[in-house]
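**Student:** Predicted model follows, preceded by the sequence.
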Amino acid sequence: MRYLQEMSLLYRLVAVSTIAAAAMAVFALWVTTEHIAAPHSGPHWNVAIPLVAGGLIVTLAIVFALTRVVLRPVEELETSIVTFGEGDTSARARRYPFTDAQLTRLTLAFNHMADLLVEKQAKLTEMSSRVIAAQEDERRRLSRELHDDAGQNLTTILLGLKRLETLGSLEEVREKLPSLRGQLSAALDGMRSLAWRLRPSVLDDLGLAAAVRSSVAEFETVTPTKVRLDVEALEARIPGDTEIVLYRVFQEAMTNVVRHSRAKTARVVASRDEHKLRLTVEDDGDGFAPASNSLGERGIGLFGMAERLALIGGVLEIHSAPGQGTTIVAEIPIDGRA
């Protein structure tokens, strides 16, 4: 029985056909001996022909039935594959007893593949939901900045302009103009800063290395943290969608340095080999516990970085502990060409 189970499907069909043919040959020999070539009587064709015909029919029926039994697992596997391909992700192939080893491996491989695809689909669905949530959070933050900064400045300018209409002399108007000019300049600076944070033009024009240098210069105007740069590995251009993802990760990492770390120094280092590009942002600040559930806005930013990288096949590593600074490493696959 074990030997039969280990036989391949082709050999099983050959075995079934051989057994059936041998049985038919034995039956035909018996009919020939008993009814056609009997020594003391003439041929009994009226008996022999129906017996041979009946034996042939029975043999064919047995071969057909056994072949159906042998091929049933193949049909089951085919049906499961087609059903799964049509969208029924619950479809799995049934394992039959005494099935040959090759077909058993195929069945197990299909079921395993189906399980992995369902698992990956669930992860992609969850990832998409989280990305959408992160995008909505980013939109809310931008909305607050527009309302709190640019909106208030523009409102103040508008009120100032209305006051100018009520002034009685040109001299009074001139006295108010410097204040309005300063408020307008602040509003323009705020809008430029917001536009730069959304997508700096230098990223499209000069590439990732230049954008990182420009970004660090901007950060150093709003924080006492000194930043050291080693980003020559970013000089070679990479696909635009990959550049923007890596830039967003760098941007979020630097935002965390400014807002949360209270670091004295930070370092941005890029390296690459034939297959991978790696960007590291590290600081000597307060540090934190990455596994904590109370990270607040920082946790959302870290999650956003990981999600962005995952969409292009990258990974994010976070190394930190309270009082020991933070190191964030973003790694993405590249094809080795500039």
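**Tutor:** Here it is on my side, so go on.

**Student:** other SSEs contacting the longest helix belonging to the chain?
**Tutor:** Longest helix in the chain, counting residues (DSSP state H): helix 101-145. On a contact count with 3 or more CB pairs under 8 Å, 6 or more residues apart in numbering; DSSP states H and E, helix 101-145 meets helix 45-85, helix 170-198, helix 297-311. Bear in mind the C-beta positions are built from the backbone N, C-alpha and C, glycine included.

**Student:** following that helix, which helix or strand comes up?
**Tutor:** Where DSSP states H and E defines the elements, the next helix or strand beyond helix 101-145 is helix 152-166.

**Student:** just checking, what packs against that following helix?
**Tutor:** Helix 152-166 packs on helix 170-198, going by 3+ CB pairs under 8 Å, 6+ apart.

**Student:** Report the backbone C-alpha coordinates of the helix or strand that the helix it packs on is followed by in CSV.
**Tutor:** Of the helices and strands lying after helix 170-198 in sequence (DSSP H and E), the nearest is helix 201-206. Extracted C-alpha coordinates of helix 201-206, given in CSV (Å, rounded to 0.1, in the frame of the first residue of the first chain):
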residue,chain,number,x,y,z
SER,A,201,11.8,72.4,-5.7
VAL,A,202,15.4,71.5,-5.2
LEU,A,203,14.5,67.8,-4.9
ASP,A,204,13.2,67.8,-8.5
ASP,A,205,15.8,70.2,-9.9
LEU,A,206,19.0,69.0,-8.2
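
**Student:** buried stuff in whichever helix or strand comes after helix 201-206?
**Tutor:** Next in sequence after helix 201-206, counting helices and strands by DSSP H and E, comes helix 208-219. Going by neighbour count (16 or more other CB atoms under 10 Å), the buried part of helix 208-219 is 208, 209, 210, 211, 212, 213, 214, 215, 216, 219.

**Student:** For the second one, which residues are in contact?
**Tutor:** Counting by CB atoms under 8 Å, 6 or more residues apart in numbering, residue 209 makes contact with 231, 232, 234, 235, 270.

**Student:** Need the pLDDT of residue 269.
**Tutor:** At residue 269, the model reports a pLDDT of 95.

**Student:** mind checking which helix or strand it is in?
**Tutor:** Using DSSP H and E, residue 269 sits in strand 265-272.

**Student:** for residue 227, same thing?
**Tutor:** Using DSSP H and E, residue 227 falls in strand 226-230.

**Student:** Now do that strand: everything it contacts.
**Tutor:** By CB under 8 Å, 6+ apart, the residues outside strand 226-230 that reach it are 212-213, 216, 219-220, 254, 264-270.

**Student:** Distance to residue 124 added to those, as CSV?
**Tutor:** Listed next are the contacts of strand 226-230 as CSV, based on distance: CB to CB, whole Å:
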residue, distance to residue 124
212, 30
213, 35
216, 34
219, 34
220, 39
254, 29
264, 41
265, 39
266, 34
267, 34
268, 31
269, 32
270, 29
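
**Student:** what's the farthest-apart pair in those residues?
**Tutor:** Greatest spatial distance among these (CB to CB): 264 and 270, at 22.1 Å.

**Student:** higher neighbour count, the two?
**Tutor:** residue 270 (21 against 11; other CB atoms under 10 Å).

**Student:** in the sheet, who's paired with that one?
**Tutor:** residue 279 (DSSP bridges).

**Student:** check contacts around it.
**Tutor:** With the criterion set at CB under 8 Å, 6+ apart, residue 270 makes contact with 209, 212, 230, 231, 232, 233, 234, 277, 278, 279, 280.

**Student:** do residue 234 as well
**Tutor:** Counted by CB under 8 Å, 6+ apart, residue 234 has contacts 207, 208, 209, 212, 270, 277, 279.

**Student:** can you check residue 80 too?
**Tutor:** For residue 80, the contact set (CB under 8 Å, 6+ apart) comprises 91, 92, 93, 94, 110.

**Student:** In helices, which of those appear?
**Tutor:** Among the contacts of residue 80, DSSP H puts residue 110 in helices.

**Student:** among the contacts of residue 80, who's most crowded?
**Tutor:** Neighbour tally across those (other CB under 10 Å): the maximum, 23 neighbours, falls on residue 93.

**Student:** What residues of stretch 117-124 count as buried?
**Tutor:** Of the residues in stretch 117-124, none count as buried by neighbour count, 16+ other CB under 10 Å.

**Student:** Contacts for it, please.
**Tutor:** residue 89.

**Student:** In the strand holding residue 269, which residues have enough neighbours to count as buried?
**Tutor:** With the criterion 16+ other CB under 10 Å, strand 265-272 contains buried residues 266, 267, 268, 269, 270, 272.

**Student:** Report the backbone C-alpha coordinates of that strand in CSV.
**Tutor:** Extracted C-alpha coordinates of strand 265-272, given in CSV (Å, rounded to 0.1, in the frame of the first residue of the first chain):
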residue,chain,number,x,y,z
THR,A,265,24.3,67.2,17.7
ALA,A,266,22.8,65.0,14.9
ARG,A,267,24.3,63.2,12.0
VAL,A,268,22.9,62.3,8.6
VAL,A,269,24.9,59.6,6.7
ALA,A,270,24.1,57.9,3.4
SER,A,271,25.8,54.8,2.0
ARG,A,272,25.1,52.5,-0.9
